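*Asks:* Predicted model and sequence follow; I will ask about them next.
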Amino acid sequence: MSKLLRSIMIFAAIWLCSGLGTATAGLFVGQTIHYQYYFPDLTTPYTSAENGNYLVNSGVEISNVVDGYGAIDFSGDDFVVSFTNDFSFSSAAFNGFAISDILSTIDSFTSFNLITNTGLLGTPILNFDENHLYVNWQGLNFGRGDLVFTVNTDNFISPIPEPEIHAMLIVGFGLVGYTVRRRRIIG
């Protein structure tokens, strides 16, 4: 009976430890998004921006937010808009951009928030639906700094085991094997 109990305890320890140290790839990584700047309303695409489709990877995806001002870098579940100059956005019904999941490969968006703002004087208007994120900074002034936006979806992103987890599992299985072999030699 003690062998069975010991085996159950070892299995439980391995199972519990396998959930530790996980990371998530994030909802944007490896996805294709569409960037479109709009001015003076949401029906009028603005051509002086780096509009188009982008595969999210480790580099800066969009190097011209609008009129040569700023860049956008996607990573994990957020993106950063970085401004390098001082300027003002014109007042209009819409003066901003939309990010779209054009391939419908990202789970439905459930929240969209600005978590850090060192680049704008004021707060942009944020809206979203299941496949689009809208940032409208009509009439706001901006300067050198960053805006960090975070996005959530309705599904949990599957964890990716870290290398330490693999090492821990290998050591654990090795110890179990060593114990079994030792018992066979002694017994």
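*Replies:* Now that the structure is in, tell me what you want to look at.
*Asks:* For Arg184, which three-state class applies?
*Replies:* Secondary structure, DSSP: H, G, I helix; E, B strand; the rest coil: Arg184 is helix.
*Asks:* quick one, strands of the protein?
*Replies:* 22-24, 32-38, 52-55, 71-75, 78-83, 87-88, 96-100, 109-117, 120-121, 125-129, 132-136, 141-142, 145-153, 159-161 (DSSP state E).
*Asks:* which of the ones you listed sits most buried?
*Replies:* Comparing those on average neighbours per residue, with mean count of other CB atoms under 10 Å, the densest one is strand 96-100 at a mean of 22. To be clear about C-beta, it is placed using only N, CA and C from the backbone, and glycine gets the same treatment.
*Asks:* Give me the mean pLDDT for that strand.
*Replies:* For strand 96-100, mean pLDDT rounds to 98.
*Asks:* Run me through the strand neighbours of it, direction for each.
*Replies:* strand 32-38 (antiparallel), strand 132-136 (antiparallel) (DSSP bridges).
*Asks:* Now it - C-alpha only, PDB.
*Replies:* Extracted in PDB, the C-alpha atoms of strand 96-100 (Å, rounded to 0.1, in the frame of the first residue of the first chain):
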ATOM      1  CA  GLY A  96      -7.300  58.200 -35.000                       C
ATOM      2  CA  PHE A  97      -6.900  54.600 -36.000                       C
ATOM      3  CA  ALA A  98      -8.500  51.200 -36.000                       C
ATOM      4  CA  ILE A  99      -6.800  47.900 -35.500                       C
ATOM      5  CA  SER A 100      -8.600  45.000 -37.100                       C
END
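*Asks:* ok and it relative to strand 145-153, angle-wise?
*Replies:* 30 degrees (axes from the mean of the first three to the mean of the last three CA atoms, to 10 degrees).
*Asks:* I'd like to know which helix or strand in the chain has the lowest mean pLDDT.
*Replies:* strand 22-24 (a mean of 48; mean pLDDT, DSSP states H and E).
*Asks:* Alright, that wraps it up for me.
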